[in-house]
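Undergrad: Okay, sequence plus prediction incoming.
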Amino acid sequence: QKEVEQNSGPLSVPEGAIASLNCTYSDRGSQSFFWYRQYSGKSPELIMFIYSNGDKEDGRFTAQLNKASQYVSLLIRDSQPSDSATYLCAPEGRYSGGGADGLTFGKGTHLIIQP
Amino acid sequence: GAGVSQSPSNKVTEKGKDVELRCDPISGHTALYWYRQSLGQGLEFLIYFQGNSAPDKSGLPSDRFSAERTGGSVSTLTIQRTQQEDSAVYLCASSLATGSGTQYFGPGTRLLVL
């Protein structure tokens, strides 16, 4: 059973600062991870996918993966009020021949960027 | 091309009635997933389809829930004898294949059982 843990927050960060979101997971076999952003009343949208140890940067977003410690994080630089949302992490589903898991999401971290 | 679409966007029903939720995935996506999100809760995986086949139905909350997919495209999630605890947003997602690749979510169906 895969488990994904996130601090539910709310995490309040001043505008322009770096927001740091963390996620730990229980399945040591998980190889890659998604970060989704979900605005209130909207459906999740993908913002990052990472499969290698280390950092992956995309604009103001940096995902960090440490498989040995079983955590993945998301950094948002120069935080904007429009970044205020819930951020969900999920290990990629695996197809085992007998079945595949849907994504097991953490409960998400509610991020608030204060103007 | 068009994204994942779901209908209806909102559904209000009375306890005990049956409801049918529809999902139309992105064209060419063979994998389709159903999730449920209750108010203030995380996303709960319900069932997935690879083509028209749903190999694992253990994620469905009860035997009142069923799902089917025809023609490798549209899927319907049916809830029989709805209960108030079924009230939630039901989200559908699709991906190119199961077990890999990004899942793209539809806008969801907001179900309220009175």
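TA: Here it is on my side, so go on.

Undergrad: what's the spacing between B:Asp63 and chain A?
TA: 19 Å (C-beta to the nearest C-beta, to the nearest Å). C-betas here are computed from N, CA, C, even on glycine.

Undergrad: Is that residue within a helix or a strand, and which one?
TA: Using DSSP states H and E, no element contains B:Asp63; it sits outside every helix and strand.

Undergrad: what does stretch A:39-58 contact?
TA: A:31-38, A:61-68, A:72, A:74, A:85-88, A:92, B:43, B:91, B:102-108 (C-beta atoms under 8 Å, 6 or more residues apart in numbering or on different chains).

Undergrad: B:Lys15 falls within a helix, correct?
TA: No. Read with DSSP: H, G, I helix; E, B strand; the rest coil, B:Lys15 is coil and lies in no helix.

Undergrad: Across the sheet, point out what pairs with the residue nearest to it when sequence neighbours are not counted.
TA: Excluding its sequence neighbours, the residue lying closest to B:Lys15 (C-beta to C-beta, 6 or more residues apart in numbering or on different chains) is B:Val113, at 5.7 Å. Applying DSSP bridges to B:Val113 gives these bridge partners: B:Thr13.

Undergrad: average pLDDT for stretch B:81-94?
TA: Mean pLDDT, computed over stretch B:81-94, is 96.

Undergrad: From start to finish, how long is that stretch in a straight line?
TA: 27 Å (C-alpha to C-alpha, to the nearest Å).

Undergrad: gap between it and the chain center?
TA: 8 Å (C-alpha atoms, centre = their mean, to the nearest Å).

Undergrad: what comes up buried for it?
TA: B:Thr82, B:Asp86, B:Ser87, B:Ala88, B:Val89, B:Tyr90, B:Leu91, B:Cys92, B:Ala93, B:Ser94 (16 or more other C-beta atoms under 10 Å in any protein chain shown).

Undergrad: and it, is it in reach of chain A?
TA: Yes. Using C-beta under 8 Å from any C-beta of the partner chain as the criterion, contacts between stretch B:81-94 and chain A involve B:Leu91.
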